[in-house]
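Engineer: predicted model follows, preceded by the sequence.
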Amino acid sequence: MINLKTPEEIALMREAGRIAARVLQELEQALAVGVTTAHLDKLAEKLIRSLGGEPAFLGYQNFPASICTSINNEVVHGIPGLRRLQEGDIISIDVGVRFKGYYGDAAATFGVGAISAEARRLIQVTRASLERGIQAMQVGGYLSDISHAVQSFVEEHNFSVVRQYVGHGIGSQMHEEPQVPNFGRPGRGPLLQPGIALAIEPMVNAGHYEVKVLEDRWTVVTKDGSLSAHFEHTVALGEEGPEILTVL
Ligand code: MG
């Protein structure tokens, strides 16, 4: 069942989303060769709490950190630790914030120093595929219109969308119905109505779409070792169209 949000609920999600966006902005500024992902995690936790939020990922299914940091061939759910960023790395940072019982969830991929032309193109295409997905979230449309918009854009650019992990409804729970795949034919699934709130999050691989989970039981990597990027916004549908909540 899809839980439609009231304007009051959306207002709280806007606050949670603003904090998540602020964290991504600050972490981007902190990226540098030699910085550990654990340092980024500590910065994120401090900032979230100082802005009146709580880190939603910390302790979620026993996840040990406030953000996910996924580097290069890592797709999502990387655990911050002692790994130091290197020149040419790309890092996907995913952050979840709870504010007064409501959630915001956002992710972005950044380059560290000078990155390869392929990495740059992957990041651009993944970011643009999220924009396409958001534009496809319209009253009277169907959920899979979003999925189709993301997939078709990514494949036009000869990259692939991950199948095994998907976006999700969001609100007073971080993960609510419906699932939001980044692939599929348009015109299917639930009708999009005002009050629906979704975390739309394309995960895009430079190579094949297949992924596997490492022995730490969290980190998802590409099976073929290719680079992967991830962008995510929490978006609410209003009468006039989609509103991105994870913005400053
Ligand atoms: Mg999410």
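Structural biologist: Yes, it's here.

Engineer: going by C-alpha atoms from here, please, whenever you check contacts or count neighbours.
Structural biologist: Fine.

Engineer: what does the longest helix seen in the chain rub up against?
Structural biologist: Of all the segments of type helix in the chain, defined by DSSP state H, the longest one is helix 7-30. Residues from elsewhere that reach helix 7-30, judged by CA atoms under 8 Å, 6 or more residues apart in numbering: 40, 43-44, 47-48, 51, 53, 93, 95-100, 102-108, 110, 171, 195, 234, 236, 245-248.

Engineer: could you list which of these belong to helices?
Structural biologist: Checked against DSSP H, the contacts of helix 7-30 include these in helices: 40, 43, 44, 47, 48.

Engineer: by neighbours, which of these wins?
Structural biologist: Neighbour counts for the ones in helices among the contacts of helix 7-30 peak at residue 48, which has 25 neighbours (criterion: other CA atoms under 10 Å).

Engineer: can you give me the buried ones in stretch 76-83?
Structural biologist: Residues of stretch 76-83 classed as buried under the neighbour-count rule (16 or more other CA atoms under 10 Å) are 76, 77, 78, 79, 80.

Engineer: just put those in JSON lines and tack on secondary structure.
Structural biologist: What follows is these, written out as JSON lines (DSSP: H, G, I helix; E, B strand; the rest coil):
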{"residue": "76", "secondary structure": "strand"}
{"residue": "77", "secondary structure": "coil"}
{"residue": "78", "secondary structure": "coil"}
{"residue": "79", "secondary structure": "coil"}
{"residue": "80", "secondary structure": "coil"}
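
Engineer: could you count how many residues lie near residue 186?
Structural biologist: Neighbour count of residue 186, defined by other CA under 10 Å: 16.

Engineer: report the central residue of the protein.
Structural biologist: Central residue check for the chain by CA atoms, centre = their mean: the C-alpha nearest the mean position is that of residue 232, 2.9 Å away.

Engineer: and the residue nearest to that one when sequence neighbours are not counted, what is it in contact with?
Structural biologist: Excluding its sequence neighbours, the residue lying closest to residue 232 (CA to CA, 6 or more residues apart in numbering) is residue 201, at 4.1 Å. When contacts are counted by CA under 8 Å, 6+ apart, residue 201 is found next to 107, 130, 166, 167, 182, 230, 231, 232, 233.

Engineer: what about burial for these, which qualify?
Structural biologist: Among these, those classed as buried by neighbour count (16+ other CA under 10 Å) are 107, 130, 166, 167, 182, 230, 231, 232, 233.

Engineer: just to revisit the earlier point, my guess is the residue nearest to the centre of the chain meets residue 129, correct?
Structural biologist: No: using CA atoms under 8 Å, residue 232 makes no contact with residue 129, being 10.2 Å away.

Engineer: now do the shared contacts for these two.
Structural biologist: residue 202.

Engineer: average model confidence for the helix or strand harbouring residue 129?
Structural biologist: Residue 129 is located in helix 117-135, with elements delineated by DSSP states H and E. Along helix 117-135, the predicted local confidence has a mean pLDDT of 98.

Engineer: what comes up buried for that helix?
Structural biologist: Of the residues in helix 117-135, 119, 122-123, 125-134 count as buried by neighbour count, 16+ other CA under 10 Å.

Engineer: put the alpha carbons of it into CSV.
Structural biologist: As requested, the backbone C-alpha atoms of helix 117-135 are provided in CSV (Å, rounded to 0.1, in the frame of the first residue of the first chain):
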residue,chain,number,x,y,z
ALA,A,117,37.0,10.9,-19.2
GLU,A,118,35.0,7.7,-18.8
ALA,A,119,34.4,8.4,-15.1
ARG,A,120,33.4,12.0,-15.9
ARG,A,121,30.9,10.8,-18.5
LEU,A,122,29.5,8.1,-16.1
ILE,A,123,28.9,10.7,-13.5
GLN,A,124,27.2,13.1,-15.9
VAL,A,125,25.0,10.4,-17.4
THR,A,126,24.0,9.1,-14.0
ARG,A,127,23.1,12.6,-12.7
ALA,A,128,21.1,13.3,-15.9
SER,A,129,19.3,10.0,-15.7
LEU,A,130,18.0,11.0,-12.3
GLU,A,131,16.8,14.3,-13.7
ARG,A,132,15.0,12.3,-16.5
GLY,A,133,13.4,10.0,-13.9
ILE,A,134,12.2,13.0,-11.8
GLN,A,135,10.7,14.7,-14.9
